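Asker: Structure for the following, please:
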Amino acid sequence: MVLRLNIDQIALTTQDWICKVQIVEIGRPRESPDKKCRFQNLILEDEQMRMPNKGSTVCR
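Answerer: Presented below is the predicted three-dimensional model:
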């Protein structure tokens, strides 16, 4: 069964969860020092709190 959780209830060990969020702020894309990955920070918000994302990564 899939759990519907808030951002603060999600841990690394939580399995099968969903969380409805809004993107509040999108940071500028940056490249890693070795130029293999691009990073972008996001500020996510659910109905209770706001939380910075650790950064989404896109590797080439």
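Asker: ok, which stretches of this protein are helices?
Answerer: Counting by DSSP state H, the chain forms no helices at all.
Asker: Report the residue spans of it with pLDDT below the cut-off.
Answerer: 50-60 (pLDDT under 70).
Asker: all strands of it, in order?
Answerer: 3-4, 17-18, 22-26, 30-31, 37-40, 42-45, 50-52, 56-59 (DSSP state E).
Asker: now those strands as JSON lines including mean neighbour count and distance to residue 10?
Answerer: Backbone N, C-alpha and C define where each C-beta goes, glycine included. What follows is these, written out as JSON lines (neighbours: other Cβ atoms under 10 Å; distance: least, Cβ to Cβ, whole Å):
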{"stretch": "strand 3-4", "mean neighbour count": "10", "distance to residue 10": "9"}
{"stretch": "strand 17-18", "mean neighbour count": "11", "distance to residue 10": "6"}
{"stretch": "strand 22-26", "mean neighbour count": "11", "distance to residue 10": "16"}
{"stretch": "strand 30-31", "mean neighbour count": "11", "distance to residue 10": "25"}
{"stretch": "strand 37-40", "mean neighbour count": "14", "distance to residue 10": "20"}
{"stretch": "strand 42-45", "mean neighbour count": "15", "distance to residue 10": "11"}
{"stretch": "strand 50-52", "mean neighbour count": "14", "distance to residue 10": "9"}
{"stretch": "strand 56-59", "mean neighbour count": "10", "distance to residue 10": "16"}
